[in-house]
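Participant: Okay, predicted coordinates and the sequence, questions at the end:
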Amino acid sequence: MARIEDILVPDIGGADDVEVIEILVKPGDKVQEEDPIITLEGDKATMEVPTTMGGVVKEIKVKIGDLVAEGSVILTLEVEGDAKAAKKDTSSGDSTEDEKPKKEESGQQSTAARTSKSPDFKVEEAAPSGDVYASPGVRRLAHDLGVDLRNIGGTGPKSRIIKQDVFAYVKKRLTGEGDGLQVGPARKVDFAKFGKVETVPLTKINKATAVNVHRSWVTIPHVTQFNDADITDMEAFRQKNKKKAADRGYKLTPLVFIMKAVVGALKEVPKFNASLDATGDNLVYKKYFHLGIAVDTPNGLVVPVVKDVDKKDIYELAKELGEISEKARDNKLTPADMAGSCFTISSLGGIGGTAFTPIVNAPDVGILGVSRSKATPVYEGDKLVPRLMLPLSLSYDHRVIDGAAAARFIVDLSARLGDVKGLTK
Ligand code: CAO
C-alpha cells in the first residue's frame, strides 16, 4: 500500500533563511533514495539536498527564491508500503548492527527517523572557479558533457548557470546556431535561364583545396602584414648568374632567394616555425626548415614541400623547385612530397598583381605571399633613386603570432632579401 510522506529540509548546520536556487525534480518524477531534489545556497556554499527515501514526487512545496530552514517541507512523496510497517521497522530505537542489513533489505525506514537524519550534502564553494556560479549538479553535468561553464551565460537567479543553460549551450554548439559559423544553404540558381552555360565538375584537387582553405579561413584568425623589400642587388646577382643555372637545365628565379631569406627569418622569429598541437594547448617548435611552395597546376593548387631548405644553396633549391613543380604539373606528387611543411610561400610574382592576402596553410602558422617586383623611386638621403621593390604579404595565425612578432619577421626577411651576399654565401 502506498503512503504520502513529507520530505523535509534536513539539518543544515543551524542555518535558516537558506535560498532555494534550483529544483531538480517535478511532480510525477520517480526518485531513488539519495537522489538530489533541490539545491540550496547559503552564504558560503551551495548544497544539493537529496531525498531521504525513494518514491514518486507528488507535490513540490517550495519554489526558486524561497528561504528555507531545517524542517521546511520540500515536497511530498508517494512511497510504497504502509506507515505502520515503516514505524514498526524503526520502533526499536537505535538499531543494532545485526538489524541493519534487514532494514536495508526491506528498503523501508520511518519517516521521522529518515527525514531528520542529516544526509551527505554535496557542498561546493559558492564560486570556486572565477565568476562561474552553478550548483554541483550543473557542474557535474557540464563536466560529463565536456562543457566549459565559463563559456555559458547563466539565466538563473543572480545569473546562476542552470541545467537548461548547459543544454541550450550544447544544442547551439551541435547545430552551429549562434556561433557565427553557421551559414544558410547556398541559393540554388538556374544559370541557364540567363544564357548559355557549361558545367564542369571540380577536380579532386579543387575539392581538397576547398575543404582545406575553408577550414583554415573559419578556424584561424588571420592577419596580413605587408612590406616591400629592396631586391635591386639580388636581381643584379640573379641576372648575372641566371645563365649558369640555365646551362645546368633549371631556372634561377627570385623564389629561391626568398626561400633562403625565409629560413633566416624563421630562425630569427622561431614562433613562425611552430604549430599548435592537436589539443591547442601547446606550441610545437620545429628544429627543421621545410617550406611548402604553392604550385599552380592545370588540375588546381597543390603545395609540395621542399625539405631542409637551410642545408641547400640557391642552385640546389632552383633545381629541386624545377623538378617538384614539374612533378606537380604532371600530377605525380605523392603524399610524402606534400607532407611536413613548416611555413608556406605562395608566389604570384611571375603572373603579376600588387598584393594579396594568402590563407594560412594549417598547421603552419604563417604564409608569405609574394607579388611582382616593381622599379620604384626611393629616397636615398634627399635623392630619389630607382630601386627594385618586392611586395610581400605575410598572413599569420593570430592565436600564435602577435603583431609585433609578425612585424619583426617581415622586417628581418626584407633586410635579408636586401643582402644578397648573405643569401648566397
Ligand atoms: N617579381 C618579378 N618577376 C618574377 C617574380 C617576382 N616576384 N617571381 C617570378 N618572376 C619571374 C621569374 O623570374 C620568371 O621570369 P624569367 O624567366 O625572366 O626569370 C617568371 O616570372 C616566371 O617565373 P615562374 O613563375 O615560372 O617561377 P617561380 O620560381 O617564380 O615560381 C612556382 C614557381 C611553381 C611557384 C610558380 O610557377 C607557381 O605555380 N606560382 C603560382 C602559385 C600560386 O598559385 N599561388 C596562389 C596560391 S593561393 O594562395
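Facilitator: Great, that's in hand. As the structure is a computational prediction, the values presented were derived from the model and not from experiment.

Participant: Which residue does this protein have closest to the ligand?
Facilitator: Nearest residue of the chain to the ligand (Cβ to the nearest ligand atom) works out as G349 at 2.0 Å. (Glycine included, C-beta is placed from N, CA and C.)

Participant: Who are the contact partners of the closest residue to V223 other than its chain neighbours?
Facilitator: Nearest residue to V223 in three dimensions, chain neighbours excluded: H398, at 5.0 Å (Cβ to Cβ, 6 or more residues apart in numbering). Taking Cβ atoms under 8 Å, 6 or more residues apart in numbering, we find H398 in contact with I220, P221, H222, V223.

Participant: let's go with 7 Å and repeat that
Facilitator: By Cβ atoms under 7 Å, 6 or more residues apart in numbering, H398 lies in contact with P221, H222, V223.

Participant: that older thread, check the burial of the residue of the chain closest to the ligand by counting its neighbours.
Facilitator: Counted with other Cβ atoms under 10 Å, residues neighbouring G349 total 18.

Participant: ok, now R387?
Facilitator: When neighbours are defined as other Cβ under 10 Å, R387 has 20 of them.

Participant: SS state for it?
Facilitator: Following DSSP: H, G, I helix; E, B strand; the rest coil, we place R387 in the strand state.

Participant: and what of V166?
Facilitator: Three-state call for V166 (three-state DSSP): helix.

Participant: Number the chain from 192, please
Facilitator: In the new count, where the first residue is 192, that last one comes out as V357.

Participant: Point out where the stretch 342-491 of the chain drops to low pLDDT.
Facilitator: For the stretch 342-491 of the chain, the stretches with pLDDT under 70 are 367, 369-373.

Participant: Run through the residues of it sitting next to the ligand.
Facilitator: K442, T444, P445, L446, I484, A485, V486, D487 (Cβ under 6 Å from any ligand atom).

Participant: quick one: which of these has the most company?
Facilitator: Within these, I484 tops the neighbour count with 23 neighbours, counted by other Cβ under 10 Å.

Participant: ok, the nearest residue to that residue once chain neighbours are set aside to L559 distance?
Facilitator: Excluding its sequence neighbours, the residue lying closest to I484 (Cβ to Cβ, 6+ apart) is I536, at 5.6 Å. Distance of I536 to L559, given as Cβ to Cβ, to the nearest Å: 5 Å.

Participant: out of these two, which sits in the more crowded spot?
Facilitator: A count of neighbours by other Cβ under 10 Å puts L559 above the other of I536 and L559, at 25 against 21.

Participant: these two touch, right, L443 and R429?
Facilitator: Yes - assessed by Cβ atoms under 7 Å, L443 is found in contact with R429 at 5.7 Å.

Participant: Dead centre of the protein: give me the residue that sits there.
Facilitator: The geometric centre of the chain, computed from its C-alpha atoms, lies nearest to G471 (Cα atoms, centre = their mean), at 6.9 Å.

Participant: Give the helix, strand or coil label for it.
Facilitator: Reduced to three states with three-state DSSP, the structure at G471 is coil.

Participant: hang on, the earlier thing: can you give me phi and psi for the residue nearest to V414?
Facilitator: Phi and psi for H589, reported as degrees, to the nearest 10, are phi -70, psi -10.

Participant: ok, now A606?
Facilitator: Main-chain dihedrals, A606, degrees, to the nearest 10: phi -60, psi -40.

Participant: same deal with N522?
Facilitator: phi 60, psi 40.

Participant: Surely it and N490 touch.
Facilitator: Yes - in this structure, N522 is within contact of N490 by Cβ under 7 Å, at 6.0 Å.

Participant: Reformat the residues of the stretch 342-491 of the chain next to the ligand as TSV; add secondary structure.
Facilitator: Shown next, in TSV, are those (three-state DSSP):
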residue	secondary structure
K442	coil
T444	coil
P445	helix
L446	helix
I484	strand
A485	coil
V486	strand
D487	strand
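
Participant: re the thing from before, overlap in contacts of I536 and L559?
Facilitator: Both I536 and L559 are contacted by V453, under the criterion Cβ under 7 Å, 6+ apart.

Participant: got the residue ranges for the helices in the stretch 392-541 of the chain?
Facilitator: Ranges of helices within the stretch 392-541 of the chain are 395-410, 423-438, 445-459, 505-520, based on DSSP state H, counting those that start in this stretch.

Participant: can you pull the buried residues of the last one?
Facilitator: Along helix 505-520, these residues count as buried under the neighbour rule (16 or more other Cβ atoms under 10 Å): I505, Y506, L508, A509, K510, E511, L512, G513, I515, S516, K518, A519.

Participant: can you check the second one too?
Facilitator: Neighbour-count burial for helix 423-438 flags T423, D424, M425, E426, F428, R429, A436 (criterion: 16+ other Cβ under 10 Å).

Participant: mind checking how far the fifth one is from L614?
Facilitator: Yep, that's F428 we're talking about. According to Cβ to Cβ, F428 stands 8 Å off from L614.
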